[in-house]
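# this is a predicted model, with the sequence first.
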Amino acid sequence: MQNIENILLKVQKPARYTGGELNSVIKNKNDVNVRFAFCFPDTYEVGMSHLGMKILYSLLNQTDDVWCERVFAPCEDMEEQMRSNDIALFGLESREAITDFDFIGFTLQYELSYTNVLNMLNLAKIPLLSSERKELKQIVIGGGPCVCNPEPVAGFFDLFCLGEGEEVTCEVVELYKTCKNDGCSKDEFLQKAAQIKGVYVPSLYEVKYNSDNTVKAIAAKEGAPYKVEKRIIKDLDSVFYPDKFVVPFIEIVHDRVMTEVLRGCIRGCRFCQAGYIYRPTREKSTDTVDKNCRDLCQSTGYEEISLSSLSTSDFKELDALLDKMQTWTKDKKISVSLPSQRVDGFRPEIMEKLNQVRRSGLTFAPEAGTQRLRDVINKNVLEDDLMNTCTVAFNGGWTSIKLYFMMGLPTETYEDIEGIATLAQKVVDKFYAAPNRQKGKQVQVTVSVACFVPKPFTPFQWSAQDKPEEFEKKQRFLKEKITSKKIRYKYHESKTSFLEAAFARGDRKLCKVLKLAYEKGCTFDSWDNYFDMNKWMQSFEELGISPEFYANRERSTDEILPWSHLDYCISDSFLKKELEKAKTVETTSNCREKCSACGAAKLCDGGACIATC
C-alpha cells in the first residue's frame with residue numbers, strides 16, 4: 001500500500017482520493033485471481049455520478065476471486081504531489097498502484113477525455129501503446145458510447161467491448177482467468193477474446209488508405225470476425241442491478257439514487273447518437289424499478305431518486321410506477337425526478353406526482369427554433385406542444401424552465417437561429433398568460449445552445465460540421481436577437497466542439513495527434529480552464545494532419561467510414577434513407593407507431609422490435 005496520507009493535506013478535497021466510503025468493497029488481495037481497475041478519465045465528482053461505473057463495479061465484485069477498484073483522474077494539485085513524491089496512480093479501495101493490475105478498464109463517455117486516458121496510464125507507469133505492453137497483464141480495455149468509433153485511440157487499447165457491458169465484461173474476465181491459468185501469451189488471449197461477441201481487438205484489423213486520405217479497406221486477420229457486433233441485454237428484469245451504491249464523502253455532480261427504467265429510445269432524432277446505438281428499446285417492469293429504488297434508498301440514505309433513461313416520459317407504465325413508489329416515498333420525504341422528459345410527454349397528473357415532496361427543475365429540448373428544422377432532425381414535436389407544456393408547468397407553480405437547442409444542424413439558416421429567440425420569448429409570454437401562475441414572481445427561461453457534432457451511426461454521420469468561426473458568428477447573431485432580461489443565454493465553446501467532431505469521426509491517424517498533444521501538456525480538455533486549442537492545432541500541424549478533414553468535410557455515402565467494421569445493428573441503408581428524408585424535410589414515425597426497419601429488430605427474439613411489443 002502506498003503512503004498517500006502525507007500528501008492529502010496539501011490538496012483540495014482530499015476525500016477524492018481516500019476511499020473508505022460507505023458500501024465500497026474491500027477484499028484480501030491474496031484471495032483474488034483478477035484485479036480490475038475501473039478508470040473514469042475525469043474527476044471523482046464526475047465519475048462517481050456515472051451509472052455504468054456503479055453497475056459494473058458492483059457486478060465484478062460479486063465474484064469472489066475478482067476485485068474491482070475505482071480509479072479517477074487526479075486533479076492538477078494531486079497530480080503534482082503524486083509525481084513529486086513518486087506515487088503511482090492507485091485504486092481507491094486498496095490504495096495500491098494499479099501498475100500490475102490484470103485489467104485497466106476505461107469508460108469512454110466523451111472524446112475530450114482521451115488525453116486523460118493517456119495521462120492516467122502514464123501516472124500508473126504503464127506504457128501508453130498496446131504494442132509496448134507484452135505480458136498478460138495491464139490489459140487496457142474500453143467501453144462506453146465512444147467505442148462506436150474507437151479508432152482515434154485504437155493504438156492505446158488492447159480491446160474494446162461494444163454495446164452493453166454486463167455480460168461481455170464478465171465473459172472477458174472469465175476467459176482471462178483461463179488463459180492466465182493455462183500460461184497463454186497476451187496475443188493468444190487477445191485472439192481468443194476476439195471470438196467473444198461484442199469484443200473488438202484493434203490489433204487484429206489492418207486499415208489501408210486511399211491517396212486522398214479516406215479509408216480504402218479494413219481487413220480482419222488471424223481469425224477475427226469481419227464485423228464486430230454490439231452486445232445488448234434483452235431482459236432488463238433479470239439482468240444484474242446493484243442494491244448498493246458507494247456513498248461519497250463529498251458532493252458529486254449527481255448526488256442521488258439513479259435507477260434505469262428503460263434502455264434505448266423509440267424516437268429517431270437524426271442527430272442523436274444514443275438514440276441509435278442503444279436500440280432496441282427495452283423496459284423494466286414497475287416491480288423491478290420499484291425494488292431497485294427501495295433497495296438503493298435503504299442502503300445509501302439518499303432522499304432523491306432519478307428515474308434514468310434517454311426518454312423517461314416514454315416509459316409505458318410511468319403513471320403506475322409513480323403510484324407504486326408514492327406508497328413509500330411520500331412518507332419518507334423522498335423526492336422523485338425525471339431527468340429526461342419530452343416536450344409532448346409532460347402531463348398535469350405526472351406533475352402532481354412529482355411535486356409530492358419537492359419540486360425539481362424542468363428541462364426540455366426543442367433542439368431547433370423552427371418547425372422546419374425540427375422536422376429535418378425528426379424531433380417530432382410541435383411548437384404547440386411546448387407552449388401547452390409550459391402553460392401546465394407555470395400553472396403548476398414553476399417559474400423557471402431550461403430549453404436546450406442545437407446550432408449548426410444540417411440545412412440550418414439564420415431564420416432558424418432567430419427562431420430560438422422567438423420561441424424563448426413565447427415561453428416568457430406564456431408565463432404571464434398563465435392564469436394560475438405564482439403571482440409576484442418573475443419567470444426565468446434559460447436558453448442553452450450546443451454546437452452540432454456529427455456522430456457515427458446517425459443519419460448525419462456524413463454531414464459537415466460548421467467551422468468554429470461560423471459558429472461564433474451565429475452565436476453573436478442569436479445573442480443580438482435575445483432582448484428580454486428574463487431570457488438567460490448560454491452557449492457551448494465552438495473550438496471544443498470542433499475537436500470533438502474531429503475525434504468522433506476520426507481514424508487511426510489521430511492516435512499520433514492525441515499522443516503528441518498529450519506530450520505538449522493537454523489534459524482535462526473538456527474543462528474550459530485547461531483546454532488549450534493552440535497546443536492541439538500545433539500537434540495537427542506538426543504531423544501534417546488536418547482536423548478539418550474529419551470535422552468539416554461532408555462525406556459521400558459511398559465512402560468507407562473508419563467505423564465500418566463495427567456493427568451497432570443500424571443498417572447503412574436505413575441511415576441513408578433517413579438522411580434523404582432530412583433533406584426533403586420528411587419525418588419518420590417513432591418505433592411504437594410504426595417500425596422503420598432500422599435493423600435493430602434482429603437483436604430481438606422472433607425478429608420483432610421490442611419497442612412495438
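Cool, the structure landed. Numbers count the residues shown, from 1 in each chain.
# C-alpha from now on. contacts and neighbour counts both.
Fine.
# what residues does stretch 260-276 touch?
145, 236, 277-285, 289, 307-312, 314-315, 377-379, 452, 454-460, 570, 578, 588-592, 611 (Cα atoms under 8 Å, 6 or more residues apart in numbering).
# report the rounded mean pLDDT for that stretch.
Averaged across stretch 260-276, the pLDDT comes to 95.
# got the CA positions of it in PDB?
Extracted in PDB, the C-alpha atoms of stretch 260-276 (Å, rounded to 0.1, in the frame of the first residue of the first chain):
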ATOM      1  CA  GLU A 260     -32.900   2.700 -15.000                       C
ATOM      2  CA  VAL A 261     -36.400   2.400 -16.200                       C
ATOM      3  CA  LEU A 262     -35.600   1.600 -19.900                       C
ATOM      4  CA  ARG A 263     -32.800   1.400 -22.400                       C
ATOM      5  CA  GLY A 264     -32.900   2.600 -25.900                       C
ATOM      6  CA  CYS A 265     -35.300   5.200 -27.300                       C
ATOM      7  CA  ILE A 266     -38.400   4.900 -29.500                       C
ATOM      8  CA  ARG A 267     -37.600   8.300 -31.100                       C
ATOM      9  CA  GLY A 268     -35.400   8.800 -34.100                       C
ATOM     10  CA  CYS A 269     -33.800  12.200 -33.700                       C
ATOM     11  CA  ARG A 270     -31.300  12.200 -36.500                       C
ATOM     12  CA  PHE A 271     -28.500  14.000 -34.600                       C
ATOM     13  CA  CYS A 272     -28.700  11.800 -31.500                       C
ATOM     14  CA  GLN A 273     -26.200   9.000 -31.400                       C
ATOM     15  CA  ALA A 274     -27.500   7.500 -28.200                       C
ATOM     16  CA  GLY A 275     -30.900   7.100 -29.700                       C
ATOM     17  CA  TYR A 276     -29.500   4.800 -32.400                       C
END
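# which positions in stretch 15-35 come out as buried?
Neighbour counts over stretch 15-35 (16 or more other Cα atoms under 10 Å) mark Arg16, Tyr17, Thr18, Gly19, Gly20, Glu21, Ser24, Val25, Lys27, Val34, Arg35 as buried.
# cool, stretch 309-320 as well?
Buried residues in stretch 309-320, counting neighbours by 16+ other Cα under 10 Å, are found at Ser309, Leu310, Ser311, Thr312, Ser313, Asp314, Phe315, Leu318.
# need the helix or strand of this structure with the lowest average pLDDT.
The weakest-scoring helix or strand in the chain, judged by mean pLDDT, DSSP states H and E, is helix 348-354 (a mean of 75).
# any residues touching that one, and which ones?
For helix 348-354, the external contacting residues (Cα under 8 Å, 6+ apart) are Asp319, Leu322, Asp323, Gln326, Ser335, Val336, Ser337, Ser360, Val392, Ala393, Gly396.
# of the buried residues of stretch 15-35, closest to Pro547?
Using Cα to Cα, Arg16 is the member of the buried residues of stretch 15-35 that lies nearest Pro547, at 35.2 Å.
# could you give the mean pLDDT of the longest helix along the chain?
In the chain, with assignment by DSSP state H, the single longest helix is helix 414-433. Per-residue pLDDT values over helix 414-433 give a mean of 97.
# flag every buried residue along that helix.
416-421, 423-425, 427-428, 430-432.
# check stretch 503-518 too.
Applying 16+ other Cα under 10 Å to stretch 503-518 flags 503-518 as buried.
# these in helices, which ones?
When DSSP H is applied, the buried residues of stretch 503-518 are split such that Phe503, Ala504, Leu510, Cys511, Lys512, Val513, Leu514, Lys515, Leu516, Ala517, Tyr518 fall in helices.
# where's the fourth one relative to Leu118, distance?
To tie it back to what came earlier, the one meant is Cys511. Computed as Cα to Cα, to the nearest Å, the Cys511 to Leu118 distance reads 11 Å.
# what of the last one?
Tyr518 sits at a distance of 7 Å from Leu118 (criterion: Cα to Cα).
# low-confidence ranges in the stretch 451-600 of the chain?
For the stretch 451-600 of the chain, no stretch has pLDDT under 70.
# what about the helices in it?
For the stretch 451-600 of the chain, the helices defined by DSSP state H, counting those that start in this stretch occupy 468-481, 494-504, 510-519, 533-543, 547-551, 572-583.
# pull out the buried positions in the second one.
Neighbour-count burial for helix 494-504, counted by 16+ other Cα under 10 Å, picks out Ser494, Lys495, Thr496, Ser497, Phe498, Leu499, Glu500, Ala501, Ala502, Phe503, Ala504.
# distance from that helix to the middle of the chain?
16 Å (Cα atoms, centre = their mean, to the nearest Å).
# same check, this time on stretch 127-138
Using Cα atoms, centre = their mean, the offset of stretch 127-138 from its chain centre is 27 Å.
# same question for stretch 251-265.
The chain centre lies 12 Å from the centre of stretch 251-265; the measure is Cα atoms, centre = their mean.
# before we move on, what about stretch 194-206?
22 Å.
# cool, stretch 25-32 as well?
On Cα atoms, centre = their mean, the centre of stretch 25-32 falls 31 Å from that of its chain.
# that stretch: end-to-end distance?
End-to-end for stretch 25-32, by Cα to Cα: 13 Å.
# quick one: average pLDDT of that stretch?
Here the average pLDDT along stretch 25-32 is 97.
# same check, this time on stretch 165-175
The average pLDDT for stretch 165-175 rounds to 98.
# which residues are contacting it?
For stretch 165-175, the external contacting residues (Cα under 8 Å, 6+ apart) are 34, 55-56, 59-60, 143, 161, 189, 192-193, 196-199, 231-233, 239-240.
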